[in-house]
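1. fold the following for me, if possible:
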Amino acid sequence: MLNNTLWKPVRLESITSKIGSGATPRGGKESYQHVGISLIRSLNVYDFHFEKDGLAHIDEGQAEQLAGVTVETDDILLNITGASVARCCMVPQEVLPARVNQHVAIVRVKKEIADPAFVFYCLNSPRYKSQLLALAQGGATREALTKETIENFQVSLPALSVQQRLSSVLRAYDALIKNNTRRIKILEEMAQMIYREWFVSLRFPGHENVEMVKSEIGSIPKGWRAGLLRDMCESIDYGYTASAVQKPIGPKLLRITDIVPDTIDWPSVPHCPPPDRNPQKYRLLDGDIVVARTGATTGYAKRLNKHHPESIFASYLVRLRVKPEHSNHMVGLLVESDDYKRFIKANLGGAAQPQANAQVLTSMPIAVPPVQIQSEFSEIVKPLLDQKEILQIKNANLRQTRDLFLPKLVSGEISVEDSETEAVAQSV
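-> Down below sits the predicted model:
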């Protein structure tokens, strides 16, 4: 136990050199560039990590107009409006130089009196996070944190040297998570590359000796057949309508929001009362594929692996169960590809709220290879996807341990020595 009498409550204004948000450049989204100075928006800021997908860029002229919100190394990024209010991460070095728009605040800590990483972990701890959310919900019209609110927000800090030791423990967990995430991305890219080589470019083993023949979807190898995605499915089903509960009662209820991130965070997936009738109808099995059928993420999909907990899928998802003779690895990589997302987007029509039924979600034309080729493909990619799954489980355990330690470390409830010992054990 640390001596909590040495921890002093301080206002963020007293330990920071800058707290402020930016603006959207003139012209809005239409003015964004493919390359240039990064423009960080709320969709890039998540708790503990920065999401590069959707990162916008602006030119030098636009950046000059936002010079007052230039992001620097070790800056804390805090979402200040909307549904993502109070989400918080540290800026990664690789996105600099950067600016922020009006929905993200820079919190720049004075390093001579406070450790930026420790302050960051404080803001992400349950105690302080709940306080920030309560303050944000006090707004007149929508969730919002004002500059004054952030400046007056208080955190308790020990001596600088203690802050640095405590944050180093938590950073060790995040470093392991980041390394595993990098390896997961490589494995995904390898599996997708093999998929595209075999089934998009049609350069599967032995393709040199196979004649190409005409079909309604273009030239395909002889022995293959033109079909639709649904031809490879044994069943196509809509999900279960239920209310999620946070108590560990009943199966997990997989929702659209759970399958959009790169990895399903099973510990955060809520439970639900089991279906009264035919509960097996909605049960998810190893190799099942779920696809979002409504909203901006229509067409996002995930293939379920063998280590997922007992779970069922919610009503805004469609489950594809692949026929036993076909490769669910192949179908899984197909529906997780950008090609599939583009196909679905092109077939949604102009509705204000995008949505697709099971008919649309399974209507993508495909060249169906012989069962033997599918089997050979599965033998190659299965070890890659199994290794990816192992790393995902490791990351889930690391996050769980970090989140267990976080409130105890930033409150002085446990000693640095105890947490350092546990961090070493987790790294082995």
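2. in the protein, which residue is most central in space?
-> residue 261 (3.0 Å; CA atoms, centre = their mean).
3. distance of that residue relative to residue 133?
-> 21 Å (CB to CB, to the nearest Å). Quick note: C-beta positions are derived from backbone N, CA and C, even for glycine.
4. ok so, going back, look up phi and psi at the residue nearest to the centre of the chain.
-> phi -60, psi 160 (degrees, to the nearest 10).
5. state the distance from it to residue 184.
-> For residue 261, the distance to residue 184 - CB to CB - is 12 Å.
6. ok, now residue 307?
-> Taking CB to CB, one finds residue 307 at 14 Å from residue 184.
7. the two - which one has more neighbours?
-> Per other CB atoms under 10 Å, whichever of residue 307 and residue 184 has more neighbours is residue 184, with 20 against 13.
8. give me phi/psi at that one?
-> Torsion angles, degrees, to the nearest 10, at residue 184: phi -60, psi -40.
9. low pLDDT regions in the stretch 201-350 of the chain?
-> Under the criterion pLDDT under 70, the flagged ranges of the stretch 201-350 of the chain are 246, 349-350.
10. mind running it again at 90?
-> 241-251, 257-280, 294-297, 305-309, 345, 347-350 (pLDDT under 90).
11. which residues does the residue nearest to residue 109 when sequence neighbours are not counted contact?
-> Excluding the flanking residues, the one nearest residue 109 by CB to CB, 6 or more residues apart in numbering is residue 116, at 4.2 Å. Counting by CB atoms under 8 Å, 6 or more residues apart in numbering, residue 116 makes contact with 74-76, 90, 108-109.
12. in strands, which of these fall?
-> 76, 90, 108-109 (DSSP state E).
13. which stretches of the stretch 1-150 of the chain form strands?
-> Along the stretch 1-150 of the chain, the segments classed as strands by DSSP state E, counting those that start in this stretch run 8-11, 16-21, 37-40, 56-58, 76-79, 88-90, 98-100, 104-109.
14. and the angle from the last one to strand 16-21?
-> What that stands for is strand 104-109. Going by axes from the mean of the first three to the mean of the last three CA atoms, to 10 degrees, strand 104-109 is angled at 180 degrees with respect to strand 16-21.
15. follow-up on the earlier one: for the residue nearest to residue 109, give me the pLDDT.
-> As predicted, residue 116 sits at a pLDDT of 97.
16. same check, this time on the one 3 residues further on
-> Per-residue confidence for residue 119 comes out at a pLDDT of 96.
17. list the contacts of it.
-> Per CB under 8 Å, 6+ apart, neighbours of residue 119: 12, 15, 76, 107, 109, 155, 157.
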